[in-house]
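Novice: Mind folding the following:
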Amino acid sequence: MVTYHDMYVSSSYINQPYNCSTDDHAKWIINHFKKYCEVLNNGGSTPYSVANGITRALYALDNKSSKVGNQTSSESTIKSKIKAGQPVVLELPSVKPNSYGAHMVCAYKYVDYNGYLWFKASDNWGNLAWINRNWVGQGIYLN
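Specialist: Residues are numbered from 1 along each chain as shown. Below is the predicted model:
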């Protein structure tokens, strides 16, 4: 989500030596942001800790950064961010059964199909997936 924002929306938040299309960039991003996100005992994270971690990680890169991580459960906010071209990280909590279990994915498109809202997302394992709205807990976005 942050890489997409930097490439297509702002291009001034991630100062690092790697091109955004390389594996080295992905490793750099993960290692940088991981330092700022609280990790639970089970190895996972909460939407709040990821949103807060994004804010702190961006501030560490540029202490004048005006971008912050936010969390929302509002379907309209998630849809409006995606419609504006800004991907949203979706939490898939274990209390909402789905094929991924407790996981987070990065959504960049949505469709209403036969009365159901579906999000197109990268599942962070290199796969693209359709995620049903009923599986989603919180959304995390940049503002």
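Novice: Can you list the low-confidence ranges for the chain?
Specialist: 5-14 (pLDDT under 70).
Novice: Give me the domain ranges for it.
Specialist: In terms of domains, the chain is parsed into 2-69, 70-142 (source: automatic domain parsing).
Novice: which element follows the single longest helix found in the chain toward the C-terminus?
Specialist: Counting residues, the longest helix in the chain under DSSP state H turns out to be helix 47-61. Once helix 47-61 ends, the next helix or strand along the chain (criterion: DSSP states H and E) is strand 69-72.
Novice: contacts for that following strand?
Specialist: For strand 69-72, contacts defined as C-beta atoms under 8 Å, 6 or more residues apart in numbering pick out 47-48, 50-55, 58, 78, 138-143. For glycine as for every other residue, the C-beta is placed from the backbone atoms N, C-alpha and C.
Novice: Highest neighbour count among the residues you listed?
Specialist: Sorting these by how many neighbours each has (other C-beta atoms under 10 Å) puts Ile140 first, at 27 neighbours.
Novice: Next, the residue lying closest to that residue once chain neighbours are set aside: secondary structure please.
Specialist: Of all residues not flanking Ile140 in the chain, Val89 sits nearest, at 4.1 Å (C-beta to C-beta, 6 or more residues apart in numbering). At Val89 the chain is in strand, as set by DSSP: H, G, I helix; E, B strand; the rest coil.
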